[in-house]
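[1] can you look at this prediction? I've put the sequence above it.
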Amino acid sequence: MPENELIGSGWTFPPRFAVSAAGPNMVQGDALIQQSLFVLLSTRVGERIHDNAYGSALSDYVFQIPDAEMLSDMKEDIAKSIETHEHRVTLQAINFDTDAIYDGYLNIHLEYVINATNHPGNLVFPFYLTEG
């Protein structure tokens, strides 16, 4: 069975239209899951009108002191959000690239397995600690 039948397909994010009569550009497979994870982590809980529980609490960490406790709490919130809202993957690891943390920038590395295909995937999510 083709991967796009197992995982599905959806609009590109942000939505783009090559030709308006043809409809929106579509994405499928691992790219669809990466976009879904990016949108999930970028959305604040309560931001979606029809699904108030959707999103992550990452925005709560903006302007906080970047210490080990904060990173631990972030990791827990990210894992909870993915487990609750992205059932197509099983999260394997969350790691942080803290090289630029005191400049207000944190790369969040996610490693996951796509449940339908058992293929590994990864995403690097840029998080800005000093921007509201």
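    Arrived safely, thanks for sending.

[2] the biggest helix by length in the chain packs against which elements?
    Looking across the chain with DSSP state H, the single longest helix is helix 68-85. Under the contact criterion of 3 or more CB pairs under 8 Å, 6 or more residues apart in numbering; DSSP states H and E, helix 68-85 touches helix 30-42, strand 89-97, strand 105-114. (C-beta placed from N, C-alpha, C; glycine too.)

[3] for stretch 50-65, measure first residue to last.
    When the termini of stretch 50-65 are compared using CA to CA, to the nearest Å, they are 33 Å apart.

[4] what's that stretch in contact with?
    40-48, 70, 73-74, 77-78, 81, 84-85, 127-132 (CB atoms under 8 Å, 6 or more residues apart in numbering).

[5] can you get me a residue count around Leu58?
    A count of neighbours around Leu58, defined by other CB atoms under 10 Å, yields 22.

[6] backbone torsions only: list them for it.
    Note on Leu58: its backbone torsions stand at phi -60, psi -30 [degrees, to the nearest 10].

[7] ok, it to Arg44 distance?
    8 Å (CB to CB, to the nearest Å).

[8] shouldn't Phe17 be within a strand?
    No. Phe17: not assigned to a strand; according to DSSP: H, G, I helix; E, B strand; the rest coil it is coil.

[9] on that earlier part again, quick one: which of the helices and strands packed on helix 68-85 is nearest Pro120?
    Nearest to Pro120, of all those, is strand 105-114, at 5.6 Å by CB to CB.

[10] the closest one packs against which elements?
    So strand 105-114, by 3+ CB pairs under 8 Å, 6+ apart, packs with helix 30-42, helix 68-85, strand 89-97, strand 119-128.

[11] tell me the most buried of those?
    Greatest average neighbour count among the helices and strands packed on strand 105-114 goes to helix 30-42 (a mean of 19), per mean count of other CB atoms under 10 Å.

[12] how far is it from where the chain is centred?
    Remark: helix 30-42 is offset 5 Å from the chain centroid, using CA atoms, centre = their mean, to the nearest Å.

[13] state the mean pLDDT of it.
    For helix 30-42, mean pLDDT is 92.

[14] output that helix in PDB, but only the C-alpha positions, please.
    Output in PDB follows, covering the C-alpha atoms of helix 30-42 (Å, rounded to 0.1, in the frame of the first residue of the first chain):
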ATOM      1  CA  ASP A  30       6.500  12.400   6.100                       C
ATOM      2  CA  ALA A  31       6.200  16.000   4.900                       C
ATOM      3  CA  LEU A  32       2.600  16.000   6.000                       C
ATOM      4  CA  ILE A  33       3.500  14.700   9.500                       C
ATOM      5  CA  GLN A  34       6.300  17.300   9.800                       C
ATOM      6  CA  GLN A  35       3.900  20.100   8.900                       C
ATOM      7  CA  SER A  36       1.400  18.800  11.400                       C
ATOM      8  CA  LEU A  37       4.000  18.700  14.200                       C
ATOM      9  CA  PHE A  38       5.100  22.200  13.300                       C
ATOM     10  CA  VAL A  39       1.600  23.500  13.400                       C
ATOM     11  CA  LEU A  40       0.900  21.700  16.600                       C
ATOM     12  CA  LEU A  41       3.900  23.200  18.400                       C
ATOM     13  CA  SER A  42       3.300  26.600  16.900                       C
END
